[in-house]
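Enquirer: model this:
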Amino acid sequence: MRHPANTPVARREAVRDVEALCRLDLGSRELRRRVTERLTRLVPADSHCFGTVDPETLLITDDVSVNLTPEAAAAAAHNEYLVDDVLKFAALAPPGPSADTLTAATGGDPRSSPRYRHVLPLIDARHELRAGFVVDGRCWGALALFRGGARPDFDPADVAVLRRLSAPVGAALRRAAHRAPVEAVPGPDEAGVLLLDEELRPLSQNPAAKLWWDELGSAVGASPGAGLPIAVLEVAARGRGATLPAYGRIRGRSGRWLSVRAAPLGGAGPAPAAVAVTLHPAPAAEVAEVLQLAYGLTPREREVLAKVVAGLPSREVARDLHLTTGTVRDHLRSVFAKTGTHSRTELVARILGL
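Expert: From the prediction side, this is the model:
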């Protein structure tokens with residue numbers, strides 16, 4: 001059963017409107033709010049979560065959500081990294097499909113999904129549609145839409161709209177990753193350390209951890225996962241599994257890049273181990289890595305940039321990369337244009353956040 005407003009004409013108009021939003025110079029959160037508001041006029045949902053994604057680790061680093069509880073967020077993070085299930089956010093990156101429904105991903109049997117049984121009931125949902133926003137083979141964001149049982153399931157036309165918008169929204173999120181923040185506030189310098197129990201509830205923290213919560217725009221709560229910034233929750237959940245890199249990078253309110261890392265602590269007995277999380281200013285190499293991707297640099301441009309950051313002149317860059325000096329200069333001109341810089345000094349400062 002299709003929503004009466006979801007006609008071919010309405011779908012074309014929605015796609016056109018979202019593509020127009022993607023061409024505006026919007027910050028990440030404003031972009032995600034406005035895109036979701038327009039999308040849900042075409043594809044109604046009772047709740048949703050629209051997160052940014054670290055393109056290297058595929059971790060959710062920030063979210064804009066409606067009608068989601070902290071308990072549901074904690075359960076979803078646990079499901080994402082510690083439970084064998086279908087349609088994980090990482091599966092929405094290439095080579096997988098950029099969008100699909102839980103019903104389709106389970107072959108028509110959503111009850112076979114642990115997420116359907118244990119996460120969706122926490123928000124009174126029965127149907128789920130997930131989409132990844134991918135450009136140049138990198139995922140920069142992910143959206144989950146939910147409907148309760150009073151509504152019909154999402155249909156192929158809904159999926160097609162999300163797939164059509166994957167690249168333009170991905171490109172807009174990529175641009176927003178290097179956009180200067182509107183709000184400038186001082187950020188902490190000391191590393192924050194947080195200890196979570198097996199259900200990802202805060203057990204203890206050092207004084208600097210509270211400063212990092214303010215930087216991320218959240219406050220610690222007492223219920224499972226309550227108040228935990230999504231980046232901390234996602235990294236901590238992955239850290240419990242210890243099968244993938246348990247770190248993420250996120251830009252805080254001060255505009256600085258933060259590094260969030262997690263690791264399980266050893267303990268006696270079969271009980272799940274606690275998780276230690278650290279938050280600190282991201283090293284220059286990590287910032288440079290994500291910014292190179294955010295500026296849409298090609299692999300060869302990233303190689304040239306790495307040599308420039310190392311201080312090599314064009315002649316030595318050409319020798320090391322087996323290029324002509326003229327080709328190196330061409331690549332540098334392209335890098336200057338993409339990053340909005342005009343000299344090597346300005347370029348290096350931009351990439352290293354100096």
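Enquirer: go through the one helix or strand in the chain whose mean pLDDT sits lowest and flag the buried ones.
Expert: Ranked by mean pLDDT, DSSP states H and E, the weakest helix or strand in the chain is helix 207-216, scoring a mean of 78. For helix 207-216, the buried set under the neighbour-count rule, 16 or more other CB atoms under 10 Å, comprises Ala208, Ala209, Leu211, Trp212, Trp213, Glu215, Leu216. Yep, even glycine has a C-beta here, placed from its N, CA and C like the rest.
Enquirer: which helices and strands sit right next to that helix?
Expert: The elements that helix 207-216 packs onto, with contact taken as 3 or more CB pairs under 8 Å, 6 or more residues apart in numbering; DSSP states H and E, are strand 192-196, strand 257-264.
Enquirer: now that helix and strand 257-264, what's the angle there?
Expert: Here helix 207-216 runs at an angle of 130 degrees relative to strand 257-264 (axes from the mean of the first three to the mean of the last three CA atoms, to 10 degrees).
Enquirer: can you redo the helices and strands packed on helix 207-216 as TSV with mean pLDDT?
Expert: Formatted as TSV, those follow (pLDDT from 0 to 100):
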stretch	mean pLDDT
strand 192-196	88
strand 257-264	85
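Enquirer: I'd like those as a markdown table, with distance to Arg315 and mean neighbour count appended.
Expert: Compiled in a markdown table, those are given as follows (distance: least, CB to CB, whole Å; neighbours: other CB atoms under 10 Å):
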| stretch | distance to Arg315 | mean neighbour count |
| --- | --- | --- |
| strand 192-196 | 44 | 21 |
| strand 257-264 | 32 | 21 |
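Enquirer: for Leu352, find the nearest of those.
Expert: strand 257-264 (10.6 Å; CB to CB).
Enquirer: adjacent strands (with direction) for that closest one?
Expert: strand 247-251 (antiparallel), strand 275-281 (antiparallel) (DSSP bridges).
Enquirer: what's the spacing between that strand and its chain's center?
Expert: Relative to the chain's own centre, strand 257-264 is displaced by 14 Å; criterion: CA atoms, centre = their mean, to the nearest Å.
Enquirer: returning to that earlier point: minimum distance to Arg300: which of the helices and strands packed on helix 207-216 has it?
Expert: With CB to CB as the criterion, Arg300 lies closest to strand 257-264 of the helices and strands packed on helix 207-216, at 24.6 Å.
Enquirer: nearest to Ala73, of the buried residues of helix 207-216?
Expert: Relative to Ala73, and with distances defined as CB to CB, the nearest of the buried residues of helix 207-216 is Leu216, at 14.0 Å.
Enquirer: rewinding a little: show me what counts as buried in the helix or strand following the least confident helix or strand of the chain.
Expert: Proceeding N to C from helix 207-216, the next assigned helix or strand is helix 230-241, under DSSP states H and E. For helix 230-241, the neighbour count (16+ other CB under 10 Å) marks Ile230, Ala231, Val232, Leu233, Glu234, Val235, Ala236, Ala237, Arg238, Gly239, Arg240 as buried.
Enquirer: packed most tightly, which of the strands paired with strand 257-264 would that be?
Expert: Comparing these on average neighbours per residue, with mean count of other CB atoms under 10 Å, the densest one is strand 247-251 at a mean of 24.
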